[in-house]
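I need the structure of the sequence given here:
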Amino acid sequence: MRDEERSHRAEAQRLQGVARSMVFDQELFALGGLISEIHDHLIPAEFEAAPVDALKWLVAELPVDPLPMLSRFAGELDVFGPTDSARFLCVLSGWDMVGMSGSREDPAEYNAAQALRLVKAMRGAQAVLLQELKAAREVTMRWMAEVRHDPPATDW
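Residues are numbered from 1 along each chain as shown. Predicted structure coming up:
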């Protein structure tokens, strides 16, 4: 009887992982597309010429809360195991790097040198975040494969 109960519990947790991976995948895919677009738009020669304007644009473009479900369930990722859970947590950490770098302070308060350093740091953090998002999408695609066979490709 205990074995049967454990089996049912394990199956319920697995199905919970499948369902959550589908929700997480939507957030990861959307954020990846947006960050890729922002990253590609930040051309070094252009933002070096007007770093304060680039910082203003960048801060305005960043979403406020792009990973609400992943953030909400960050403490409940055990079903995915340590390696896959770590992938999701790396995304949250990467987002914190990007989002924190562009704290919602007034970009006009930065001088050109400060703004340039911040834009360069944020652009670097975006590149790291994109890699973390790709790795996390591999996890979600593997987890949801039995119920979703046609997720959009990671084209960023």
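
and the residue located most distally from the centre of the chain, how far is that from residue 11?
No residue in the chain sits farther from the centre than residue 1, which is 41.8 Å out by Cα atoms, centre = their mean. Here the criterion is Cβ to Cβ, to the nearest Å. By it, residue 1 lies 16 Å from residue 11. In this view, the C-beta of every residue, glycine as well, is placed from N, C-alpha and C.

Equivalent analysis for residue 2, please.
For residue 2, the distance to residue 11 - Cβ to Cβ - is 15 Å.

Which residue of the two possesses the greater neighbour count?
residue 11 (10 against 6; other Cβ atoms under 10 Å).

Show me what the helix or strand containing residue 136 packs onto, helices and strands only.
Secondary structure from DSSP states H and E places residue 136 in helix 112-144. The contact analysis (3 or more Cβ pairs under 8 Å, 6 or more residues apart in numbering; DSSP states H and E) places helix 112-144 against helix 2-41, helix 44-49, helix 51-61, helix 81-101.

need the contact list for the residue positioned nearest the centre of the chain.
Centroid-nearest residue in the chain: residue 91, 4.5 Å away (criterion: Cα atoms, centre = their mean). With contact taken as Cβ atoms under 8 Å, 6 or more residues apart in numbering, residue 91 is in contact with 28, 67, 70, 129, 132-133, 136.

from those, which would you call buried?
28, 67, 70, 129, 132-133, 136 (16 or more other Cβ atoms under 10 Å).

Could you identify the most distant pair in those residues?
Greatest spatial distance in the buried ones among the contacts of residue 91: 70 and 129, 12.9 Å, computed using Cβ to Cβ.

quick one: low-confidence parts of this protein?
For the chain, the stretches with pLDDT under 70 are 100-105.

Residue 36 - nearest residue in space that isn't next to it in sequence?
Spatial nearest neighbour of residue 36, chain neighbours left out: residue 156 (3.5 Å); criterion: Cβ to Cβ, 6 or more residues apart in numbering.

and that neighbour, how many neighbours?
Per other Cβ under 10 Å, the neighbour tally for residue 156 reads 17.

what sits against it?
32-33, 35-37, 130 are the contacts of residue 156 under Cβ under 8 Å, 6+ apart.

do residue 112 as well
Here residue 112 is in contact with 51-52 (criterion: Cβ under 8 Å, 6+ apart).

how far away is it from residue 74?
From residue 112 to residue 74 the distance is 37 Å (Cβ to Cβ).
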